[in-house]
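K.L.:
this one's sequence-less:
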C-alpha cells in the first residue's frame with residue numbers, strides 16, 4: 001500500500017463534459033495549448049459520477065478512495081445518462097480544437113510548484129468563463145454541474161520560463177504522459193476488460209479525481225482517481241515524477257462486481273500502420289513508416305529480454321507470452337531517425353516509449369499483445385497488458401502496483417544487444433532458383449549494441465534460431481564491418497499452417513548476448 005499522507009489539501013474534479021481543465025505547476029508563463037489527447041474525429045463523453053467527493057474539509061487519503069470504490073462496487077452499476085447538451089455532444093473535430101483554456105484560470109497559477117489550495121477538500125466546478133470557444137462555436141450556456149471531460153497538468157519540463165504539457169487524463173481510463181523532448185503518441189489506461197474478445201470490449205471510466213498538494217520541496221504530484229464500469233470499480237493513486245524519463249507510480253485496488261473472463265492490468269495502447277518490414281501490409285503513402293510504437297518489449301521473470309516487432313495484420317491477432325512475476329513490458333518506439341518517417345507534423349521519431357515495471361509479486365500470467373487491422377493512422381490498433389492467471393470473481397478485491405516510465409532512448413531497456421533492423425525478400429535468385437519450397441522467404445535480422453559493439457568478426461557468434469510451422473535453410477551469421485552490427489540471414493519455408501513463429505537470439509561460447517527476437521510471419 002502507498003504511504004499515508006500528512007493532511008494533504010485536495011481538489012476534487014468530476015468528469016462529464018467535453019472541455020478540459022488546465023493545471024499549472026509553476027508561476028512563469030501560461031499553459032500550453034496542445035492537440036486533443038485523441039486524434040479521432042468523434043468525442044467520447046465520460047459518464048456522470050456516482051460518488052460525490054467528501055463534503056467536509058479535512059484529511060483525505062488513498063484509503064478514502066478505496067472506501068468509496070468498495071461502497072460503489074456493492075451497488076448495481078448505473079449506466080451513464082445520455083443528457084449532454086447538443087452544443088457539446090455534437091462537436092466537430094475542428095470545433096473541439098477551437099476550444100482554448102484561459103491561462104489566467106489555471107489552478108495554482110502564480111504559486112510555487114504543485115501548490116493547490118488551503119487545507120481540506122474542495123470541488124472544482126465547471127464554468128464557461130474558464131474557456132474561449134473560438135469563431136467555430138458559440139459560448140455554451142451550461143450549469144456548473146456539467147463537469148469536465150478531463151484535465152491536463154503543465155510543468156516546466158523543457159525550460160523554467162515555459163510550462164509544457166506533462167500529463168493529460170481524457171476519455172474512459174486513458175491517460176498520456178511525456179518526458180523531456182517527447183510528443184504525444186502511445187497512451188496508458190487504468191484497466192482493460194475483454195480486449196480482443198468476441199463478446200466485445202468493456203471500457204471502464206475514471207469518473208472522479210482528487211488532486212493532492214505535496215509538501216514544500218516535493219517534486220512530484222499525487223492524483224487519486226475512482227474508476228467504474230459494469231464489471232468493476234477501482235481506487236487508483238498516481239504519483240507523477242517529471243524528468244527526462246517521466247515516471248508515474250501507480251497503485252490500484254480493484255473491486256469486481258462480477259466474474260471477468262479477461263482482465264488487462266497496466267494496459268498500453270498505440271498505433272502501428274506500417275513499418276519498413278517488407279512482409280507487412282503496404283500503403284500508398286509518401287512516408288516510409290507510420291507508427292507510434294514499433295515493437296513490444298518484455299523482460300520475463302527469468303530475466304530473458306524479448307522483442308516482438310508490431311504488425312498491422314489482415315485479421316485480428318492475439319498473442320500471449322506466458323510468464324511468472326514479470327520484470328517489465330512495454331510498447332516501444334525504437335526508430336528515432338526522422339528520415340525513416342518524413343512527417344514534419346506528426347514527428348513520429350519523437351513519440352515516447354512506455355515501460356511498465358511491476359512492484360511486488362504479480363504471480364503467474366502473461367503479457368498479451370492485441371493487433372487490430374487498421375487502414376488509417378487515426379486509430380490506436382495496438383494494445384498490450386498483463387493478464388493474471390488468478391480468477392477475477394465478484395466480491396474478491398485485487399491489488400496491483402507498478403511504475404510506468406516514458407522514455408526515448410535508454411540503455412536500460414534492454415541492457416544488452418538488440419534488434420536494429422529487419423528485412424526480407426524473395427530467396428529465388430541466382431543459383432537458388434528452384435532450391436526452396438513454395439512460399440519461401442529470405443529473412444535478414446541485424447543485432448547491435450551491448451557486447452556486440454566491440455566483438456571481432458572472427459568470434460564464433462551463434463544464432464539460436466527456431467521456427468514453429470516452418471523450415472529453416474541457408475542460415476548465415478556475420479559481422480557487418482560498415483555498421484558494426486551482426487547480420488543473421490536465413491530462408492524460411494512455411495508448412496501447412498498459415499502462421500510461422502520465429503525466434504532468434506545470439507550467443508558466444510554459450511553466453512547470451514542479445515534479446516530474443518520473436519516474429520510472427522503470415523505467408524501469402
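P.N.:
Structure received. A quick note: this is a predicted structure, and the numbers were derived from the prediction, not measured.
K.L.:
so what's residue 296 up against?
P.N.:
Contacts for residue 296 (Cβ atoms under 8 Å, 6 or more residues apart in numbering) come out as 306, 307, 308, 310, 329, 330, 331, 332, 367, 369, 384. Every residue, glycine included, has its C-beta placed from N, CA and C.
K.L.:
dump those residues to a markdown table, plus pLDDT, distance to residue 81 and neighbour count.
P.N.:
What follows is these, written out as a markdown table (pLDDT from 0 to 100; distance: Cβ to Cβ, whole Å; neighbours: other Cβ atoms under 10 Å):
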| residue | pLDDT | distance to residue 81 | neighbour count |
| --- | --- | --- | --- |
| 306 | 98 | 45 | 21 |
| 307 | 98 | 46 | 22 |
| 308 | 98 | 42 | 22 |
| 310 | 97 | 38 | 24 |
| 329 | 98 | 37 | 29 |
| 330 | 98 | 37 | 25 |
| 331 | 98 | 35 | 31 |
| 332 | 98 | 40 | 26 |
| 367 | 98 | 37 | 26 |
| 369 | 98 | 36 | 25 |
| 384 | 98 | 33 | 31 |
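K.L.:
closest to residue 199 out of those residues?
P.N.:
Nearest to residue 199 among the contacts of residue 296, counting by Cβ to Cβ, is residue 369 at 19.3 Å.
K.L.:
report the beta-bridge partners for the closest one.
P.N.:
residue 319, residue 384 (DSSP bridges).
K.L.:
span of stretch 437-444 from start to end?
P.N.:
From its first residue to its last, stretch 437-444 covers 18 Å (Cα to Cα, to the nearest Å).
K.L.:
list the buried ones in that stretch?
P.N.:
By neighbour count with 16 or more other Cβ atoms under 10 Å, stretch 437-444 contains the buried residues 440, 441, 442, 443.
K.L.:
so how far is residue 78 from the second one?
P.N.:
According to Cβ to Cβ, to the nearest Å, residue 441 stands 54 Å off from residue 78.
K.L.:
likewise for the first one?
P.N.:
Distance of residue 440 to residue 78, given as Cβ to Cβ: 58 Å.
K.L.:
I'd like the distance from stretch 420-439 to the chain centre, please.
P.N.:
Put simply, stretch 420-439 sits 36 Å off its chain's centre (Cα atoms, centre = their mean, to the nearest Å).
K.L.:
list the buried ones in that stretch?
P.N.:
Buried residues in stretch 420-439, counted by 16+ other Cβ under 10 Å: 420, 421, 422, 424, 427, 436.
K.L.:
contacting residues around it?
P.N.:
With Cβ under 8 Å, 6+ apart as the criterion, stretch 420-439 contacts 276-279, 309, 334, 440-449, 471, 473-474, 485, 491, 493-494, 519, 523-524.
K.L.:
swap the cut-off to 7 Å and go again
P.N.:
Here stretch 420-439 makes contact (Cβ atoms under 7 Å, 6 or more residues apart in numbering) with 277-279, 309, 440-448, 473, 485, 491, 493-494, 523.
K.L.:
filter those down to the buried ones and hand me the PyMOL line.
P.N.:
Buried residues among the contacts of stretch 420-439 (16+ other Cβ under 10 Å), as a PyMOL selection:
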select buried, resi 277+279+309+440+441+442+443+445+446+447+448+485+491+493+494+523
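K.L.:
so which of the contacts of stretch 420-439 are in strands?
P.N.:
Members of those lying in strands (criterion: DSSP state E): 309, 441-448, 473, 491, 493-494.
K.L.:
mind giving me JSON lines with these and columns for pLDDT?
P.N.:
As requested, these are exported to JSON lines (pLDDT from 0 to 100):
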{"residue": "309", "pLDDT": "97"}
{"residue": "441", "pLDDT": "92"}
{"residue": "442", "pLDDT": "93"}
{"residue": "443", "pLDDT": "95"}
{"residue": "444", "pLDDT": "96"}
{"residue": "445", "pLDDT": "97"}
{"residue": "446", "pLDDT": "97"}
{"residue": "447", "pLDDT": "98"}
{"residue": "448", "pLDDT": "97"}
{"residue": "473", "pLDDT": "94"}
{"residue": "491", "pLDDT": "95"}
{"residue": "493", "pLDDT": "94"}
{"residue": "494", "pLDDT": "94"}
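K.L.:
list the contacts of residue 137.
P.N.:
Going by Cβ under 7 Å, 6+ apart, the list of residues near residue 137 reads 95, 98, 99.
K.L.:
most neighbours, which of these?
P.N.:
Highest neighbour count within these: residue 99, with 21 neighbours (other Cβ atoms under 10 Å).
K.L.:
can you pull the phi/psi pair for that one?
P.N.:
Dihedral pair for residue 99: phi -80, psi 130, per degrees, to the nearest 10.
K.L.:
do I have it right that it meets residue 131?
P.N.:
Yes. Residue 99 lies in contact with residue 131 (Cβ atoms under 7 Å); the separation is 5.7 Å.
K.L.:
looking at the chain, which helix is longest?
P.N.:
helix 62-73 (DSSP state H).
K.L.:
which SSE is immediately downstream of that helix?
P.N.:
Scanning forward in sequence from helix 62-73 by DSSP states H and E, the next helix or strand is helix 86-89.
K.L.:
could I get the full set of helices for the stretch 101-250 of the chain?
P.N.:
Here the stretch 101-250 of the chain has no helices by DSSP state H, counting those that start in this stretch.
K.L.:
residue ranges with poor pLDDT in it?
P.N.:
Confidence mapping of the stretch 101-250 of the chain against pLDDT under 70 gives the ranges 108-122, 142-145, 214-217.
K.L.:
residue 309 and residue 371: what is the separation?
P.N.:
Residue 309 sits 11 Å away from residue 371, taking Cβ to Cβ as the criterion.
K.L.:
quick one: contacts for residue 450?
P.N.:
For residue 450, the contact set (Cβ under 7 Å, 6+ apart) comprises 416, 417, 513, 514.
K.L.:
so what's the second one closest to, chain neighbours aside?
P.N.:
The spatially closest residue to residue 417, leaving aside those adjacent along the chain, is residue 514, at 3.4 Å (Cβ to Cβ, 6 or more residues apart in numbering).
K.L.:
separation between the one you found and residue 276?
P.N.:
20 Å.
K.L.:
compare the two and say which is more crowded by neighbours.
P.N.:
Taking neighbours as other Cβ under 10 Å, residue 514 and residue 276 compare with residue 514 leading, 26 against 14.
K.L.:
which residues touch that one?
P.N.:
When contacts are counted by Cβ under 7 Å, 6+ apart, residue 514 touches 416, 417, 418, 447, 450, 505, 506.
K.L.:
show me those residues that map onto strands.
P.N.:
Under the assignment DSSP E, those contribute 418, 447, 505, 506 to strands.
K.L.:
isn't the second one right next to residue 416, touching?
P.N.:
Read that as residue 447. No. If you go by Cβ under 7 Å, residue 447 and residue 416 don't touch, sitting 9.4 Å apart.
K.L.:
under the pLDDT cut-off, which ranges of the stretch 301-450 of the chain? List them.
P.N.:
Applying pLDDT under 70 to the stretch 301-450 of the chain flags residues 429-434.
K.L.:
just the helices in it please.
P.N.:
Listed in chain order, the stretch 301-450 of the chain contains no helices at all (DSSP H, counting those that start in this stretch).
K.L.:
got a list of what residue 343 touches?
P.N.:
residue 287.
K.L.:
could you check how far it is from residue 273?
P.N.:
According to Cβ to Cβ, residue 343 stands 11 Å off from residue 273.
K.L.:
got it, and residue 478?
P.N.:
Noted for residue 478: a distance of 33 Å to residue 273, by Cβ to Cβ.
K.L.:
neighbour count for these two, which is higher?
P.N.:
residue 273 (21 against 12).
K.L.:
I'd say residue 203 and residue 172 touch.
P.N.:
Yes. Using Cβ under 7 Å, residue 203 is in contact with residue 172, at 4.5 Å.
K.L.:
would you reformat the ones in strands among the contacts of stretch 420-439 as CSV and include distance to residue 192?
P.N.:
Listed next are those as CSV, based on distance: Cβ to Cβ, whole Å:
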residue, distance to residue 192
309, 22
441, 34
442, 37
443, 32
444, 35
445, 31
446, 34
447, 32
448, 34
473, 41
491, 38
493, 37
494, 32
